[in-house]
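1. how would this look folded up:
(one chain, ligands or ions: 1)
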Amino acid sequence: MKGIASINTKDAKLSMAHFYVAFTALLIGALAGLLQTLVRSGKLTLPAGINYYQVLTVHGVLLGLVLTTFFIIGFILATQSKTAGTYTDGERRFGWIGYWMMTIGVAITATFVLLGEGSVLYTMYAPLMAHPLHYIGLTLVVVGSWVEGFVVFHRHARWKKENRGQTTPLLSFMGVMTMLLWLVACLGLATTVLVQIIPWSLGLVPTIDILISRTLFWYFGHPLVYFWLLPAYMAWYVIVPKIIGGKIFSDALARLSFVLFILFSIPVGFHHQLLEPGIDPFWKYLQVVLTYLVVIPSLMTAFSLFATFEMRGRELGATGLFGWWKKMPWKDARFLAPFMGMLLFIPGGAGGIINASHQLDQVVHNTIWITGHFHLTVASAVAMTFFGVTFWIVPSITGRKLTPKMNKVALVQTWLWTIGMLFMSSSKHAAGLFGAPRRSAFSTYAGNEDSLAWIPYQIAQAVGGSILFLGAVLMVIIFINLAFFAPKGEEEFPIGEVHDQAEKAPAVFENFKLWVAITFVLVLFAYTIPFIDMIQNAPPGSPGNTTVIGRQ
Ligand code: HAS
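-> Prediction:
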C-alpha cells in the first residue's frame, strides 16, 4: 500500500530533517544526563579524561538547545504547511539554508564541547571563556533559526494576502508569534556574543564586563523558556482538543495568551539575577512584578484547557467538576503524553512562582531546587508534549501509521517518563531545600557533614535518571519505527475546530508591529536605567570591575 502524507512531501522532508537532529540529540543528551545523576550520587566515577562539567554541558546543550530548537522549528514548519498551505520552492530553499546553518553550527559547537573547550554554563556565561569557535558555532545555530523564522513570517504574510479579511489559521499565527518572541529575545544574546564575548575570546580585548554580559544573557534567557513552552501550548490549544474529540474553547483567548507572552516574557530577566549585586533593588522589584504578569497567560491556558476537557466530558455525559476525567481517551498515547505534561506543569509553574519571589528565591537560588523546577517545566511539560506530538506527526507527514502496538509502546514510554520525572524532580526540590548546590560532582561535597542530608535524594535522582534514560531510549526507538518501519498508510493530522459559540478573534491580534513596538517600550522601561547604572559604575574595561577567567 502507498502511504498518504498529510502535508506536501517536500515540506515533510524539511520538517523530518529537523526531527532527525532533535532525536539524535535526545539520545546523546539523555546518556549524559544519566552519567551526571550517577556521578552526583557517588555511584560512578567518570573514566579518566571525562570531566563532570563537560558531561553537564553536553546534557544541557543537547537537550536544552538542540533538541528543543530543532523540534520546535520542524513542528512549526509542518503545522504551518498543513494549515496555511505548502511553501513555495523559494521559501523551502531558505528553510534548508537555515537548517544547514543550524546543523553545521551544532557540529562545530559539539566538537569544542567534546574537546573540553566549551564547559562554560549555558553555552556562554562570563567570566567563563570557551574557544572562539564554540561561540561562532552557536552563532550559526541562532542565525540559521532566524532564517527559518523569516520563512514562517513570509508564509503567514502570503496567506494573509491570498485571503484578505479572513482570520488567519491559528497554528500559523502561533508559529509566527513563537518565532517573533525568539527573534526579539535573541537580540540580547547576539549583542553580548558579537560585541563582548567573541572579541574577548579572540583576545582582541583583555576584559569583559560580566554584569552587562549576564544581563544581556538573561534578557534572552527568560523568553527562551517561553520559546520552548509556546509550541507545547500550540499543541495544548489546537491539537489536544481534536484528539479528545472536542473543540477549541476560544480562538481569541488562545491568541491573546500568545500576545501576552510576547509583551511580558522579555522584560523579566532580572528574576534570574535577584541575588546578583550591581542592580538596584527597585528595578529587580519592577521585573518581579512583570514576572507575575507573565504567569497570567499560563493561568488563562489552564482555564481554557479545563474548559475544553469539561465541555467534551459533558458532551459524553459526564457531570460535576471532574466528571470529564473518566471520559478522556487514556489509552491514546497522543493524549496521555501531553496530558501528563500538563499535570506536571502545575507543580512546575507553582515552583516558578516561588522562584520569582525575591525573598523565597534567597532560599532556593543556585540550589538543585532550580534544576528540579526546570525538569518539571521544560523536561516534562514541554518534552512530553513534544513526544506526544511525535507519536502522530511523524507517521502523519511521512504517510505511515501509528499502529495499536506502537501506541502501547508509546503509553509505556509516557509512564516511564512520568515516573522517572517524579523521582527526579521531587528529589531535586527536596535536596535543594537542604542546600544541595545545583552544579557539583559528588567528589566536591563528599566528606562535608551538611551534605549527608542530600545523599538519599541524590540516590533517588539516580533512580529517576535511570528510568528516564530508559524512557529516552524507548522514545528514540519509537521515533525510528515511525519514521522508517511503521506500515505505510494514512495518519490523522489532528487540528481542532473552534467551538461554535466562541467569539471571533479581534483583528488587532494580527498587528504584529504593534505588539513588537509595545514590547520594546516595556524593555526600554525595564532596562534603560539599570544599563546606564551598570555602565556608569563599571565602565567596560575598568580593571576594578571586570574579571577574566581564561579557558581551562
Ligand atoms: Fe522558570 C528558573 C520563574 C516557567 C524554565 N526556569 C528557570 C530555569 C529554567 C526555567 C530552565 O523567577 C533555570 C535557569 C538557570 O539555568 O538558571 N518560571 C518562572 C515562572 C514561570 C516559569 C514565574 N520556567 C518556566 C517554564 C520553563 C522554565 C515554562 C521552561 C519551559 N524560573 C523562574 C525564576 C527562575 C527560573 C524566577 C530563576 C530562579 C533562580 O533563582 O535562579 C511561570 O511562567 C510559570 C507559570 C505556570 C503556571 C502553570 C499553569 C498550568 C497549566 C497546566 C494546566 C493543567 C491541566 C491539566 C489543564 C501558572 C497551564 C489539569 C488536570 C487536573 C486533573 C488537575
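2. which ones are touching residue 73?
-> 18, 98-99, 102, 145, 148 (Cβ atoms under 8 Å, 6 or more residues apart in numbering). Placement of C-beta: from N, CA and C, glycine included.
3. are we agreed that it is in a helix?
-> Yes: counting by DSSP: H, G, I helix; E, B strand; the rest coil, residue 73 is part of a helix.
4. spell out which parts of the stretch 201-350 of the chain neighbour the ligand.
-> 225, 228-229, 271-272, 291, 294-295, 298-299, 301-302, 305-306, 342-343, 345-346, 349 (Cβ under 6 Å from any ligand atom).
5. what ranges in the protein fall below the confidence cut-off?
-> Within the chain, the ranges that satisfy pLDDT under 70 run 48, 122, 441-447, 449-450, 538-552.
6. residues touching the spatially most central residue of it, list them.
-> Of all residues in the chain, the one closest to the mean position by Cα atoms, centre = their mean is residue 228, 2.4 Å from it. Counting by Cβ under 8 Å, 6+ apart, residue 228 makes contact with 68, 72, 378, 382.
7. of the residues you listed, which is the nearest to the ligand?
-> residue 378 (3.8 Å; Cβ to the nearest ligand atom).
8. quick check: that closest one vs residue 60, distance?
-> 11 Å (Cβ to Cβ, to the nearest Å).
9. mutual contacts of these two, please.
-> By Cβ under 8 Å, 6+ apart, no residue touches both residue 378 and residue 60.
10. which stretch of helix or strand covers residue 134?
-> Using DSSP states H and E, residue 134 sits within helix 132-162.
11. so which of the contacts of residue 73 comes closest to the ligand?
-> Nearest to the ligand among the contacts of residue 73, with distances taken as Cβ to the nearest ligand atom, is residue 145, at 17.0 Å.
12. tally of neighbours for the closest one?
-> The number of residues packed near residue 145 is 23, by other Cβ atoms under 10 Å.
13. for this structure, list the residues in contact with the ligand, please.
-> Residues of the chain lying close to the ligand by Cβ under 6 Å from any ligand atom are 225, 228-229, 271-272, 291, 294-295, 298-299, 301-302, 305-306, 342-343, 345-346, 349, 352-353, 355-356, 361, 365, 370, 373-374, 377-378, 382.
14. one more pass at 5 Å, please.
-> Residues of the chain lying near the ligand by Cβ under 5 Å from any ligand atom: 225, 228-229, 271-272, 295, 298, 301-302, 305, 342, 345, 349, 352, 355-356, 361, 365, 370, 374, 377-378, 382.
15. still on that earlier bit, of the contacts of residue 73, closest to residue 525?
-> Relative to residue 525, the closest of the contacts of residue 73 is residue 145; by Cβ to Cβ it sits at 27.5 Å.
16. contacts only, for the closest one.
-> By Cβ under 8 Å, 6+ apart, the contact list for residue 145 reads 69, 73, 98, 102, 182, 186.
17. residue 364 and residue 433 touch, don't they?
-> Yes: in this structure, residue 364 is within contact of residue 433 by Cβ atoms under 8 Å, at 7.4 Å.
18. and the helix holding residue 134, how far out from the chain middle?
-> Mean-position distance between helix 132-162 and its chain equals 17 Å (Cα atoms, centre = their mean, to the nearest Å).
19. C-terminal to that helix, what's the next element?
-> Criterion used, DSSP H and E; the element after helix 132-162 is helix 170-191.
20. name the residues of that following helix that are buried.
-> Buried residues in helix 170-191, counted by 16 or more other Cβ atoms under 10 Å: 170-186, 188-191.
21. one more: stretch 350-357?
-> For stretch 350-357, a neighbour-count test (16+ other Cβ under 10 Å) marks 351-352, 354-357 as buried.
22. contacts for it, please.
-> Contacts of stretch 350-357 (Cβ under 8 Å, 6+ apart): 271, 288, 291-292, 295, 360-361, 364-365, 369-370, 372-373, 376-377, 429.
23. closest to residue 414 out of those residues?
-> The closest of those, once distances to residue 414 are taken by Cβ to Cβ, is residue 376, at 15.6 Å.
24. find the nearest non-adjacent residue to the closest one, please.
-> For residue 376, ignoring the flanking residues on the chain, the nearest one in space by Cβ to Cβ, 6 or more residues apart in numbering is residue 348 at 3.1 Å.
25. any idea how far residue 357 is from that neighbour?
-> 16 Å.
26. in helices only, show me the buried residues of stretch 350-357.
-> Residues of these located in helices (DSSP state H): 351-352, 354-356.
27. any chance of the contacts of residue 145 in a markdown table, with distance to residue 11 too?
-> Compiled in a markdown table, the contacts of residue 145 are given as follows (distance: Cβ to Cβ, whole Å):
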| residue | distance to residue 11 |
| --- | --- |
| 69 | 19 |
| 73 | 13 |
| 98 | 14 |
| 102 | 17 |
| 182 | 20 |
| 186 | 25 |
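28. and which of these is nearest residue 255?
-> residue 182 (17.9 Å).
29. in contact with that closest one, which residues?
-> Neighbours of residue 182 in contact, by Cβ under 8 Å, 6+ apart: 145, 149, 223, 227.
30. now swap in residue 364 and tell me
-> Per Cβ under 8 Å, 6+ apart, neighbours of residue 364: 354-355, 370, 432-433.
31. max pairwise distance over the residues you listed: which two?
-> So, these by Cβ to Cβ: farthest apart are 355 and 433, at 13.0 Å.
32. for the host helix or strand of residue 455, what is the distance to the chain centroid?
-> For residue 455, the enclosing helix or strand under DSSP H and E is helix 455-480. The chain centre lies 19 Å from the centre of helix 455-480; the measure is Cα atoms, centre = their mean.
33. give me the phi and psi for the closest residue to residue 83 other than its chain neighbours.
-> Closest residue to residue 83 apart from its sequence neighbours, by Cβ to Cβ, 6+ apart: residue 169 at 3.7 Å. Torsion angles at residue 169 (phi, psi; degrees, to the nearest 10) stand at phi -60, psi 130.
34. contacting residues around the closest residue to residue 217 other than its chain neighbours?
-> Computed as Cβ to Cβ, 6+ apart, the closest residue to residue 217 that is not its neighbour in sequence is residue 192, at 5.9 Å. Each residue near residue 192 by Cβ under 8 Å, 6+ apart is listed here: 124, 126, 212-213, 216-217.
35. what segments of the stretch 451-552 of the chain are helices?
-> 455-480, 512-537 (DSSP state H, counting those that start in this stretch).
36. most tightly packed of these?
-> helix 455-480 (a mean of 20; mean count of other Cβ atoms under 10 Å).
37. closest one of the contacts of residue 182 to the ligand?
-> Ranked by distance to the ligand (Cβ to the nearest ligand atom), these are led by residue 227 at 8.6 Å.
38. skip the chain neighbours and tell me the closest residue to that closest one.
-> Per Cβ to Cβ, 6+ apart, closest to residue 227 is residue 182, 4.7 Å.
39. again, but for residue 333
-> Nearest one to residue 333, counting by Cβ to Cβ, 6+ apart, is residue 410 at 3.4 Å.
40. can you pull the contacts of that neighbour?
-> Contacts of residue 410 (Cβ under 8 Å, 6+ apart): 333, 337, 387, 391, 402, 478.
41. and for residue 168?
-> Here residue 168 is in contact with 84, 156, 159-160, 510 (Cβ under 8 Å, 6+ apart).
42. contacts for stretch 479-490?
-> 1-4, 6, 16, 19-20, 23, 390-391, 394-395, 398-403, 406.
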